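Peer 1: The following block contains a protein sequence and its predicted model.
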Amino acid sequence: MGVNIEKVFGEDVFDDAVMKVRLPKSDYEKVKSLMYQGGEITEELADVVAQAMKEWALEKGATHFTHVFQPYVISVGAEKHDSFSSTVTDGKIENTFTGKDLLMGEPDASSFPSGGLRATCSARGYTAWDITSPVYIKEGTLCIPTAFCSYTGESLDTKTPLLKAMHAVSKQGVRLMRLFGDEKTQRIFSYVGPEQEYFLVDEDKYMKRPDLIYTGRTLFGAMPPKGQEMDDQYFGSIAPNVKAFMEDLNVKLWKLGITAKTQHREVAPGQHEIAPIFSVSNVALDNNLLVMDILKKTARKHGFVCLLHEKPFDGINGSGKHNNWSLTTDDGINLFKPGKEPENNKLFQLVLACTMAAVDRHAVLLRLAASNTGNDHRLGANEAPPAIISMYLGDQVGDIVDQIIKNGKATSSLSSGTLDFGIKKLPVLEKDPTDRNRTSPFAFTGNRFEFRMVASSNSIGDTNTVLNTMMAEAFSNACDALEGAEDFNKAVEEYTAKLMREHERIVFNGNGYSEEWPVEAEKRGLPNCKSIVDAIPALVDDTTVEMYEKFNVLSKAELEAREDILFEQYAGVRNIEALTMIEMANKMIIPAAVKYTKKLADTVIAVKEAGADASVQADMLSEVSGKLAEMKTAVKALEEVTAKAADAECIKCKAEEYKDDVMAAMAELRKPADELELIMPKELWPMPTYGDLVFEL
Ligand code: ADP
Ligand code: MG
């Protein structure tokens, strides 16, 4: 398409370059210092910045501004737009945007889930400018990334805890660096590169599927003759209409300063992935929300609908979000980098031991942070990491850990070696020190961990809040144990070995998809929560509350509220699914099957009248009638259990009833419907099939 990325990149972002030109030098420097060192912004300075932003935005044709925030659980950014124009003097309207408008907003928060933190009558919620995430213009509106909290100061979003967690890990990380004699480091940054998977389906077909419209996933649908078994879609060449969509998408993202870097077809038909270059966690969170928003909007422009659901199609791979995460000092030391001599890199070894301890201690919390209702269909299924949390370290680092566990220290390391194709014209390549393990939920990939479990439609806020807080805790424990040690080298070695020995069970380098693994994991005592519902209580157990309160990330009251919200959310999603199934069965599938039985009955009579044998037609009629009867019974049963679950006494029991009884009744209804789909004529089937949806883009 010939777009010059250098020209368009960041065009719609109020970024450093824009600030430098538009702010007085001293104010520019103050803003930069606030961004990097923190501190309170004065209203005077905010006024200056707001004025510059307004002028810039108006020049770019913006008419409105909004504080963008991210209510807990709702995985899209919320926006309430205000126009710049406010004061009318002598019939003229003036554009205003003050420092106060920039710093704080007060959207009516009563309709967002708060888990009882706030009664509806006291609905005030506040948004506060997150100065570390850039302001941008989207569709004529100046968007200000913010954090969102209640009148009484509790966080109501996924951003605020993340910012606090980033602060905590930075503080404890700096402490750790000091132990190793580093006096320079002032901050530790946590970085994230989220790979986003999604499906595209044809918009016209989508509009004929109430299940996709209401729930984001198909609730009925038989497998087509061909699925993904041939592995012929992965990295396949991209269809021209999809390519056009991707090009459009990339330009939109580049303009917003998002480094859309990698794009390719995924394993399932109709499935794709987009990955940006990693950035600081809170910016990555904001950007990922934007990516999801723009994916959806751009798809529509191209006649597609983008499905972000974790499992839109049963029997076909679902979508995840791979959260590539690392911790790096402000002068660029990546704490997860083993370096050339990992056997001598004590800092790396200690950080690794801390990570093992943290992942082991907070396994269920991590699993929960990667979960939502949709991900229940994916985790533990054949294409995604199991619901058991374990760590993959690869050969080189795995060997270092083995040596330390056995001998108290490591003395050598496996070299990665070179890769020789054996053909003179091909280069001899230096290999990565780790191979990949796609079956591990938490895989070391050379200089970062790739947490592969995350739900595709979820915000990455929670995930990174857990990751960074658990590391803050582990670093803090390490510092408590090692500060003041007489012989530091010896103490570090001993502490590292102790942690690795205590948490050895969390390391698993084998095949996570194998049948043996859950059995082995159980022997090791590793938790295996099959459903998010089983993992939710981890939010309020002592280990979690202690950690979050210690580092001021979330209070017990906030955690209890979040627990309620998650149960409600689960029940709510399943309720919509059940009702959608009932409606589709009653209004689409059953009437279509009734029509078909009439056709068959007419045929039987006609064939008989013609004096021929109508037994085949009669058999078909009774088969269809039989399935119809099964459907009727199943619809009734589903109606009953759904009504019962909706009435359950406590919120936890409600979620459990939906998980067990309602889900079972849904499966019962789906079975005869999918069987009917396979035996009914195509022109009578009332909706596009899996084959139509995923193979015909
Ligand atoms: P893969 O081959 O694993 O699918 P991709 O290129 O699709 O890799 O995505 C890898 C992601 O990891 C990218 O977003 C990339 O920017 C990110 N990444 C690379 N290095 C780091 C790092 N040190 N910390 C965090 N993320 C990183
Ligand atoms: Mg990838």
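Peer 2: Okay, I see it. Ligands and ions are numbered 1, 2, ... in the order given.
Peer 1: contacts and neighbour counts: CA atoms only from here.
Peer 2: Fine.
Peer 1: Give me the below-cutoff pLDDT ranges for the chain.
Peer 2: Applying pLDDT under 70 to the chain picks out residues 1-2, 74-76, 87, 108-111, 114-123, 226-236, 265-267, 380-385, 416-437, 696-697.
Peer 1: wait, does the longest strand seen in it make contact with ligand 1?
Peer 2: The longest strand of the chain (DSSP state E) is strand 188-202. Yes. Using C-alpha under 6 Å from any ligand atom, strand 188-202 comes into contact with ligand 1 via 191, 192, 193, 194, 195.
Peer 1: So in that sheet, which strands flank that strand, and in what orientation?
Peer 2: Sheet partners assigned to strand 188-202 using DSSP bridges are listed as strand 271-276 (antiparallel), strand 279-280 (antiparallel), strand 304-307 (antiparallel), strand 321-329 (antiparallel).
Peer 1: coming back round to it: can you select the buried ones among the residues of strand 188-202 next to ligand 1 for me in ChimeraX?
Peer 2: A single ChimeraX command is used to select the members of the residues of strand 188-202 next to ligand 1 judged buried by 16 or more other C-alpha atoms under 10 Å:
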select :191,192,193,194,195
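Peer 1: for the residues of strand 188-202 next to ligand 1, which one is nearest ligand 1?
Peer 2: Nearest to ligand 1, judged by C-alpha to the nearest ligand atom, of the residues of strand 188-202 next to ligand 1 is residue 193 at 3.5 Å.
Peer 1: Can you give the distance of stretch 579-596 from its chain's centre?
Peer 2: Relative to the centre of its chain, stretch 579-596 is centred 34 Å away, using C-alpha atoms, centre = their mean, to the nearest Å.
Peer 1: returning to that earlier point: how far off centre is the following helix or strand past the longest strand of the chain?
Peer 2: Downstream of strand 188-202, the first helix or strand assigned by DSSP states H and E is helix 203-206. Taking C-alpha atoms, centre = their mean, one finds the center of helix 203-206 at 25 Å from the center of the full chain.
Peer 1: and the stretch 301-450 of the chain, which of its residues are near ligand 1?
Peer 2: Residues of the stretch 301-450 of the chain lying close to ligand 1 (C-alpha under 6 Å from any ligand atom) are 324, 325, 326, 447, 448.
Peer 1: can you put those in a markdown table and add neighbour count?
Peer 2: Shown next, in a markdown table, are those (neighbours: other C-alpha atoms under 10 Å):
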| residue | neighbour count |
| --- | --- |
| 324 | 21 |
| 325 | 24 |
| 326 | 23 |
| 447 | 18 |
| 448 | 20 |
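Peer 1: Reformat those residues as JSON lines; add distance to residue 13.
Peer 2: As requested, these are arranged in JSON lines below (distance: C-alpha to C-alpha, whole Å):
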{"residue": "324", "distance to residue 13": "24"}
{"residue": "325", "distance to residue 13": "25"}
{"residue": "326", "distance to residue 13": "25"}
{"residue": "447", "distance to residue 13": "30"}
{"residue": "448", "distance to residue 13": "28"}
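Peer 1: Need phi/psi at residue 458.
Peer 2: For residue 458, the backbone dihedrals (degrees, to the nearest 10) come out as phi -80, psi 160.
Peer 1: was I right about it contacting residue 372?
Peer 2: Yes. Assessed by C-alpha atoms under 8 Å, residue 458 is found in contact with residue 372 at 7.2 Å.
Peer 1: Same drill for those two, tell me which one is more crowded.
Peer 2: It is residue 458, of residue 458 and residue 372, that has more neighbours when counted by other C-alpha atoms under 10 Å, with 27 against 24.
Peer 1: In contact with the more buried one, which residues?
Peer 2: Applying C-alpha atoms under 8 Å, 6 or more residues apart in numbering to residue 458 gives the contacts 73, 75, 370, 371, 372.
Peer 1: got a winner among those residues for most neighbours?
Peer 2: Using other C-alpha under 10 Å as the neighbour test, the contacts of residue 458 are led by residue 370, with 30 neighbours.
Peer 1: Not including adjacent chain positions, what is the nearest residue to that one?
Peer 2: Nearest residue to residue 370, sequence neighbours excluded (C-alpha to C-alpha, 6 or more residues apart in numbering): residue 454, at 4.1 Å.
Peer 1: which residues does the residue in the stretch 451-600 of the chain positioned nearest to ligand 1 contact?
Peer 2: Nearest residue of the stretch 451-600 of the chain to ligand 1 (C-alpha to the nearest ligand atom) works out as residue 452 at 9.6 Å. Residues near residue 452 by C-alpha under 8 Å, 6+ apart: 320, 321, 322, 323, 385, 440, 441, 442, 443.
Peer 1: Mind picking the two most distant members of those residues?
Peer 2: The most widely separated members of those, counting by C-alpha to C-alpha, are 320 and 443 (14.7 Å).
Peer 1: So which of these two has more stuff around it?
Peer 2: residue 320 (29 against 25).
Peer 1: Quickly list what that one is bridged to.
Peer 2: Counting by DSSP bridges, residue 320 is bridged to residue 455.
Peer 1: so who does the residue in the stretch 201-350 of the chain positioned nearest to ligand 1 touch?
Peer 2: Relative to ligand 1, the nearest point of the stretch 201-350 of the chain is residue 277 (3.4 Å; C-alpha to the nearest ligand atom). By C-alpha under 8 Å, 6+ apart, the residues touching residue 277 are 193, 259, 260, 261.
Peer 1: between those, which has the most around it?
Peer 2: That'd be residue 193 among the contacts of residue 277, by other C-alpha under 10 Å, with 22 neighbours.
Peer 1: My guess is that residue contacts residue 274. True?
Peer 2: No. Counting by C-alpha under 8 Å, residue 274 is not a contact partner of residue 193; they are 10.7 Å apart.
Peer 1: and the helix or strand encompassing residue 405, what does it pack onto?
Peer 2: Using DSSP H and E, residue 405 sits in helix 394-407. Packing contacts for helix 394-407, counted by 3 or more C-alpha pairs under 8 Å, 6 or more residues apart in numbering; DSSP states H and E, involve helix 488-502.
Peer 1: buried sites along the helix it packs on?
Peer 2: The neighbour-count check on helix 488-502 (16+ other C-alpha under 10 Å) flags 491, 492, 493, 494, 495, 496, 497, 498, 499, 500, 501 as buried.
Peer 1: Adding distance to residue 32 as columns, could you present these in JSON lines?
Peer 2: JSON lines is the format used below for the buried residues of helix 488-502 (distance: C-alpha to C-alpha, whole Å):
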{"residue": "491", "distance to residue 32": "39"}
{"residue": "492", "distance to residue 32": "37"}
{"residue": "493", "distance to residue 32": "40"}
{"residue": "494", "distance to residue 32": "42"}
{"residue": "495", "distance to residue 32": "39"}
{"residue": "496", "distance to residue 32": "38"}
{"residue": "497", "distance to residue 32": "41"}
{"residue": "498", "distance to residue 32": "42"}
{"residue": "499", "distance to residue 32": "39"}
{"residue": "500", "distance to residue 32": "40"}
{"residue": "501", "distance to residue 32": "44"}
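Peer 1: wait, which of those is closest to residue 313?
Peer 2: Distances from residue 313 to the buried residues of helix 488-502, taken as C-alpha to C-alpha, are shortest for residue 500 (40.6 Å).
Peer 1: ok, and what's touching whichever strand or helix holds residue 290?
Peer 2: Counting by DSSP H and E, the element that carries residue 290 is helix 281-301. Outside of helix 281-301, the residues within contact range by C-alpha under 8 Å, 6+ apart are 75-77, 132-134, 145, 159, 162-163, 166, 190-194, 200, 203, 245, 248-249, 252-253, 258, 278, 305-308, 457, 459-461, 464.
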